[in-house]
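Visitor: Can you look at this prediction? I've put the sequence above it.
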Amino acid sequence: MIVAIDGPSGTGKSSTSRAVAEKLGLRYLDTGAQYRAITWWMLSNGVDVNDPVAVADQAGKPSIVSGTDPLAPAITVDGIDAGAPIRTQEVTAAVSAVSAVPEVRTRMVELQRAAVSGAPEGIVVEGRDIGTTVLPDATVKIFLTASAEARAARRSGELNGAVTVAATRADLIRRDTADSSRTTSPLAKAADAVEVDTTELTLTQVIECIVTLVEEKRTGS
Ligand SMILES: Nc1ncnc2c1ncn2[C@@H]1O[C@H](COP(=O)(O)OP(=O)(O)O)[C@@H](O)[C@H]1O
Ligand SMILES: Nc1ccn([C@@H]2O[C@H](COP(=O)(O)OP(=O)(O)O)[C@@H](O)[C@H]2O)c(=O)n1
């Protein structure tokens, strides 16, 4: 059972994917954390993230290891716990530029497919291009959406209002545009993905919806 969950920022991919994996006894992989991790390494090592040639040149250097336990998602870069530093505003502002570089994507996709091969019990993988590019044969494909207002309110809420909803909204839209317009494997809904608009749904409702879709697939109903 391979479940691919894609969609823009703040649509609920991480919270939903973790809960679905936990309920169904599957592993869990956050591919956005991997792009954030390589971005953090580039910034920490003085690589100009707006220079695709420099980023491509260094893309093979960091060793990124992702755990797949939905109860304790973990990520290390060169053996160092990267869980907190990959969530800073600095990384968030740079990640779209780094993840648009084809050499970066080739490396991350290798890691992602290896994680899936290492999870015979099945896995929920979340990102932007999982259903379209990384795992085109996934058993179930979901594409989450939500209005920019709802997404910004959720993200701003996470930061306890430290960044205003308006500023968060502008940042989300800038990142959506960059992620959707890049040449290599842009953010997109796979033709065979089920789209779920989470704007008016609670997190519990989204989880139930996806669990039902997976169980229907499992039982062939
Ligand atoms: N349907 C929902 N209704 C309200 N809040 C939600 C919903 N889904 C997710 N959230 C909250 O929104 C925030 C962003 O969710 P997250 O799962 O990190 O989204 P993504 O991984 O798509 O960026 C989290 O604080 C989460 O608890
Ligand atoms: N499969 C993926 C996952 C993330 N990404 C990139 O990584 C960034 C961070 O992803 P994320 O899932 O952590 O973002 P949030 O939804 O947490 O804000 C995205 O904005 C994309 O630029 C990607 O290119 N492909």
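Guide: The structure has been received and is ready for your questions. Residues are numbered from 1 along each chain as shown. Ligands and ions are numbered 1, 2, ... in the order given.
Visitor: now the residue nearest to Pro102 when sequence neighbours are not counted: how far from Gly12?
Guide: Leaving aside its sequence neighbours, Pro102 sits nearest to Thr184 (Cβ to Cβ, 6 or more residues apart in numbering; 4.7 Å). The C-beta positions use only the backbone N, C-alpha and C, and glycine is treated the same way. Thr184 is 25 Å from Gly12, where distance means Cβ to Cβ, to the nearest Å.
Visitor: ok, back up a step: ok, the residue nearest to Pro102 touching Ala100?
Guide: Yes - with contact defined as Cβ atoms under 8 Å, Thr184 counts as touching Ala100 (6.8 Å).
Visitor: And these two? Which one has more around it.
Guide: Per other Cβ atoms under 10 Å, whichever of Thr184 and Ala100 has more neighbours is Ala100, with 20 against 14.
Visitor: Correct me if wrong, but Val124 is in a helix.
Guide: No - going by DSSP: H, G, I helix; E, B strand; the rest coil, the assignment for Val124 is strand, not a helix.
Visitor: bridging residues for it?
Guide: Here Val124 sits in beta bridges with Val3, Tyr28, going by DSSP bridges.
Visitor: List the contacts of it.
Guide: By Cβ atoms under 8 Å, 6 or more residues apart in numbering, Val124 lies in contact with Val3, Ile5, Ser17, Arg18, Val20, Ala21, Leu24, Leu26, Arg27, Tyr28, Leu29, Pro70.
Visitor: mind putting those residues in CSV, neighbour count, distance to ligand 1 and pLDDT included?
Guide: CSV is the format used below for the contacts of Val124 (neighbours: other Cβ atoms under 10 Å; distance: Cβ to the nearest ligand atom, whole Å; pLDDT from 0 to 100):
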residue, neighbour count, distance to ligand 1, pLDDT
Val3, 28, 14, 98
Ile5, 28, 9, 98
Ser17, 28, 8, 98
Arg18, 20, 8, 98
Val20, 26, 11, 98
Ala21, 26, 13, 98
Leu24, 18, 17, 97
Leu26, 21, 17, 98
Arg27, 19, 17, 98
Tyr28, 27, 12, 98
Leu29, 27, 13, 98
Pro70, 22, 13, 98
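Visitor: tell me the two of those residues that are most distant?
Guide: Leu24 and Leu29 (14.4 Å; Cβ to Cβ).
Visitor: Ile75 contacts Tyr35, correct?
Guide: No - in this structure, Ile75 is not within contact of Tyr35 by Cβ under 8 Å, at 10.8 Å.
Visitor: Neighbour count: these two, which is higher?
Guide: Neighbour totals were compared for Ile75 and Tyr35, and Tyr35 leads with 24 against 19 (other Cβ under 10 Å).
Visitor: Show me what from the protein comes close to ligand 1.
Guide: 7, 9-15, 154, 158, 198, 201-203, 206 (Cβ under 6 Å from any ligand atom).
Visitor: Much appreciated, bye for now.
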